[in-house]
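Trainee: Dropping a prediction and its sequence here:
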Amino acid sequence: MKKDRKEQKGKVQKGITRRGFLTTVGVGAVGVAASSTLLGQKAKAEEVREAKELTKLTLVVNGRRRRVLAEPRWTLLYVLREKLRLTGAKEGCGRGECGYCTVLIDDVPRYACMTLAVEAEGAKITTVEGLMKGEELGPVQDAFAEEDGFQCGFCTPGQIMAAEGLLRANPNPTSEEILEGMSGNICRCGSYPQIFKAVKRAAALK
Amino acid sequence: MASYYEEGVSLPKTPKPGEEPEPWPRKTRVVGTRMRRVDARERVSGEAVYYDDISLRGMLYGAILRCPHANAMVKNVDTSAAERMPGVHAVIHGGSPEAKQYTPIGTWADPTAKRELFPSHCRYHGEPVAAVAAETPYQAWDAVRAIKVDYDVLPFVVDEVEALKPGAPRVREKGNKRVTDKYERGDLDKGFREADVVLEENYRVECQFHDCPEPAGGVANWDGDSLTLWIGTQGVFHPSQAEISAGLGLPLSKCRIISKYSGGGFGGRTHVYLADFIAPLLAKKTGRPVKIATTREESYPDGGNAPPHNMKVKVGVKRDGTLTAYHYATINTGGAISSGGIFWYDRPYRDLYLCPNVLTEGTDVYVNGPPSWPMRAPCHPQAAWAMEQMMDTLAEAIGMDPVEMRLKNMPTYAQDIEGNPPYTTTGLRECIADGAKAFGWKEARRKAERTRKGEIRRGVGMSSGSFEMAFIWPPTTPILKLSRDGSVKLSIGEADMGTGTKTALSMVIAEELGIKPEFIHVEHADTGTTQVCQVSAGSRTIPTSTPAVREAAIKIKQQLLDMAAKDLKVDPSDLVVEGGQIVSTGGKKVKITDVSGLKDRMVIVGVAHAGANPPGKRVKPFCAHFCEVEVNMKTMEVKVLRYLAAHESGRVICKVGYEAQLAGGVTQGIGLGLSEARVFDRQTGKLLTTNMHDYKVPTIKDVPTGMEYLLIDKNDTFSSTGAKGVGEPPKVPPAAAVANAVYHATGIRFTKSPINPLQLGA
């Protein structure tokens, strides 16, 4: 399950949880949270990086170490898509609303558009491509294919990663927990009944 | 090697050349079954390539500066600082020579309307003013923010009713009223005199955005004077190639549009986005490929919308439930350019229930708002919102059950077409009656009425619907190729925006040829490799393309039989295609791949063209929806608990695609009824709902995940596949059905959408 910032004691925060983001927006302090809580823990005071200065980064994506040169202001989503060519995660809004960019950071679903690439250094990042077993679909992907849990497919990688994260934390979710776990991902085509069945099937498959 | 063909299956009879094929039997082998989509893997693995997933060598990124005012003259654009910024390759605006390469094009509803690119007079918040190409999108946005524009801000009007008042700021020089459209039959006054009860009510439905998952944009690449443009569209030929080539002055042959995947559509992609012109212009200027992926915020002004409706309805009914007269008048707006504010505004009044005396009037008004594009059953759900709530109000007034009253007014012919042609099939009665039975209508109503005194109340409501199209709309020209190894490739221009086109067409081919679907490849939606066709809109794709593809498959079988007849030295009429081989009545057989004609040519080609609808008849889809809601009387929160959609749409080809369309139409309809509304700031005319929090589309928690679908099959044989379209019909009834259920629960008639807690204070 996704956890609020408060619940993840003792762990360095990577990215903004979907629910945590809403909480911060609620108090109008997202900018402060992003700079002090997240970036601040990574970089020491003397290592201040300029927003437009290219910086060496090492990201662990789908089990592989990937070295990139990135501006500190670049989002994880931008680096995944345009620099590492992992285009499964999609940009739908760029501001934590649609969920199309959902990836797992240390097994927790996060909006990659609300996570700076520098924040994700050292964390375990999983994208939809990382669920494939070679040429074969992973169980959650297969369940979505079987239950037709998609139409246009644009939100689908995000839906699948939300389901993957939900099931990693909670292998036997109740119907309510499925609805809660999938509520941060919008499907404008409206395949929610099929997505719901797909998550149920995935839980049975996993 | 495993055979490409199903063994031991008998296939539909091959008609002689020139003869019409017999309809398929009621029960088919592949068609209508629950088969996994042929492109499921691409869509769940992350492999599907949308325009934004394309990266070309040397590609630049574009960004667009948009007008922050509702109505303003662009006095001066200073790009000097922007041009000097790091990574910036080009800045263009209305005064640049590149902008002059664009010729304003018309809209679907009005070919004489002009869609300008960087206008000197911006008539809505979000109209493009300038654009930048740079090495990263971050640099492009830095440069956009550095462009200085002097605006002369003008008075504005964003409300269509205000816009009609004397003294309102003029959106267009000729005035704010664009046109009033009228339709009339019978004698309205006589109709009202014959009625026992006449009721009148005003209704309003707010503007709905398409809000496509994939924001507008594209990747443009020039090869000399030939353009290739990757975008998301509902039609690579129409609208995209037609509009891009007209706008940029290119021959069709030098304008290639590719859209293998489109993140949504819903009617919003029946026009090209303005961004789709800007990417080629920037690419031309810089000599580099350019990608523009616009932001969610930009997709509200440049992504289409369904017009708001201000409706006045007057209806007469007899005590026995017979309708005598409809008077329907609506004031809508298509925004600042003529773009379909009243497109099909009155169709349910013209032809859903029997009614001899009808007058409809639709007025389209200019306001300082973004243009509306057709949206999934244009104007039908809004018209139904008023009409179907009024049906329930009338039923109550004469003391009749809403289902019973609707059943009193069932048509079997088209009332709004000269000569009243009969429908090929009329499933409306079954949709309503069988739907009510399957839903447990009477029992559910009774049970819900027992919750009247509580804080949490239940209500049960319904609405019916039909749709203007969902029939054959030519052209399309599929080309089917049987290769020497027995595999089959289809080339067809139609889009598959997740609508299941490729799967449905593969199923048609598999049904007819006996080939396993995994050995069929569908090449689609690329003007460079497929044939011109109409846009995937009007629920036309399945009814138009499935009979044509069936015919192409039959033409392959006919050639195979001729060739095999020579090999086997028998008459072609003695032969049938069966399980990967051709078999004679005398027991001779040859495998398809061993037919010498195929071995020699290495390919057999079947070409067909879309046919026509049957003359003298009307093809129409019908539906009825039933739902149960729970309303919290303290907060006015509405939860849809249960939903059943009954549809008569002819033969179902692709079961999963069919159910997906129903779920999607219902979800978008629930959004229209309960949460979606465009809001302008009255002080500034700015669009306020420009993100997915302020503009609330349904989430998984807002719709019943146990939705039920009731298939009404009347065995329509209007075409060789008998499939009507089902993309749009399911969007028509939901908002009205929910409103009727909310009334049943609360006794409050919410005439304005959306029914949300805010309305409590109103």
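Mentor: Looks like it arrived, so ask away.

Trainee: Mark out where each domain of chain B begins and ends.
Mentor: B:52-154+B:216-294, B:305-471+B:616-761, B:472-607 (automatic domain parsing).

Trainee: now those as JSON lines including distance to chain A?
Mentor: (Each C-beta comes from the backbone N, C-alpha and C, glycine too.) Formatted as JSON lines, the domains of chain B follow (distance: least, Cβ to the nearest Cβ, whole Å):
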{"stretch": "domain B:52-154+B:216-294", "distance to chain A": "3"}
{"stretch": "domain B:305-471+B:616-761", "distance to chain A": "3"}
{"stretch": "domain B:472-607", "distance to chain A": "3"}
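
Trainee: Just put those in TSV and tack on mean pLDDT and distance to residue A:129.
Mentor: Shown next, in TSV, are these (pLDDT from 0 to 100; distance: least, Cβ to Cβ, whole Å):
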stretch	mean pLDDT	distance to residue A:129
domain B:52-154+B:216-294	97	12
domain B:305-471+B:616-761	97	24
domain B:472-607	97	20
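
Trainee: I'd like the ones you listed laid out as a markdown table, including distance to residue B:197.
Mentor: As requested, the domains of chain B are exported to a markdown table (distance: least, Cβ to Cβ, whole Å):
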| stretch | distance to residue B:197 |
| --- | --- |
| domain B:52-154+B:216-294 | 36 |
| domain B:305-471+B:616-761 | 5 |
| domain B:472-607 | 35 |
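
Trainee: which ones are touching residue B:199?
Mentor: B:314-315, B:390, B:393-394, B:397 (Cβ atoms under 8 Å, 6 or more residues apart in numbering or on different chains).

Trainee: Mind putting the domains of chain B into TSV with mean neighbour count?
Mentor: Below are those laid out as TSV (neighbours: other Cβ atoms under 10 Å in any protein chain shown):
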stretch	mean neighbour count
domain B:52-154+B:216-294	21
domain B:305-471+B:616-761	22
domain B:472-607	21
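
Trainee: Let me know which of these is the nearest to residue B:170.
Mentor: If you check each of the domains of chain B against residue B:170 by Cβ to Cβ, domain B:305-471+B:616-761 wins as the nearest, at 8.3 Å.

Trainee: from the chain's centre, how far out does the closest one sit?
Mentor: Centroid displacement of domain B:305-471+B:616-761 relative to its chain, using Cα atoms, centre = their mean, to the nearest Å, is 16 Å.

Trainee: coming back round to it: which one of the domains of chain B lies nearest to residue A:127?
Mentor: domain B:52-154+B:216-294 (12.8 Å).

Trainee: Can you get me the start-to-end distance on the closest one?
Mentor: 10 Å (Cα to Cα, to the nearest Å).

Trainee: Not counting stretch B:149-165 itself, show me its contacts.
Mentor: If you take Cβ under 8 Å, 6+ apart as the criterion, stretch B:149-165 is touched by B:65, B:67-78, B:122, B:129-130, B:168-169, B:171, B:176-177, B:308, B:310, B:331-333, B:363, B:365-369, B:680, B:682, B:685.

Trainee: Try it again at 7 Å.
Mentor: B:69-77, B:129, B:168-169, B:171, B:176-177, B:308, B:310, B:331-333, B:365-369, B:680, B:685 (Cβ atoms under 7 Å, 6 or more residues apart in numbering or on different chains).

Trainee: what's the span of it, first residue to last?
Mentor: Stretch B:149-165 has an end-to-end distance of 32 Å (Cα to Cα).

Trainee: Helix or strand with the lowest mean pLDDT in chain A?
Mentor: Lowest on mean pLDDT, DSSP states H and E among the helices and strands of chain A sits helix A:30-32, with a mean of 36.

Trainee: Domain-wise, how is chain A divided?
Mentor: Using automatic domain parsing, chain A is parsed into the domains A:5-130, A:131-205.

Trainee: Quick one, grab the pLDDT at residue 4.
Mentor: I went with chain A, as the question did not name one. For residue A:4, the pLDDT comes out at 42.

Trainee: um, chain B though
Mentor: Residue B:4 carries a pLDDT score of 96 in this model.

Trainee: beta partners of residue B:231?
Mentor: Using DSSP bridges, the bridge partners assigned to residue B:231 are residue B:218.

Trainee: wait, doesn't it sit right on residue B:256?
Mentor: No - shown here, residue B:231 and residue B:256 do not form a contact pair, counting by Cβ atoms under 7 Å, at 11.2 Å.

Trainee: quick one: low-confidence ranges for chain A?
Mentor: A:1-47 (pLDDT under 70).

Trainee: where along it do the strands fall?
Mentor: Under the criterion DSSP state E, chain A contains strands at A:55-61, A:64-70, A:102-105, A:108-111, A:124-126.

Trainee: how about the ones you listed in JSON lines, adding mean neighbour count?
Mentor: Output for the strands of chain A, formatted as JSON lines (neighbours: other Cβ under 10 Å):
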{"stretch": "strand A:55-61", "mean neighbour count": "17"}
{"stretch": "strand A:64-70", "mean neighbour count": "13"}
{"stretch": "strand A:102-105", "mean neighbour count": "27"}
{"stretch": "strand A:108-111", "mean neighbour count": "27"}
{"stretch": "strand A:124-126", "mean neighbour count": "23"}
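
Trainee: Thanks a lot, catch you later.
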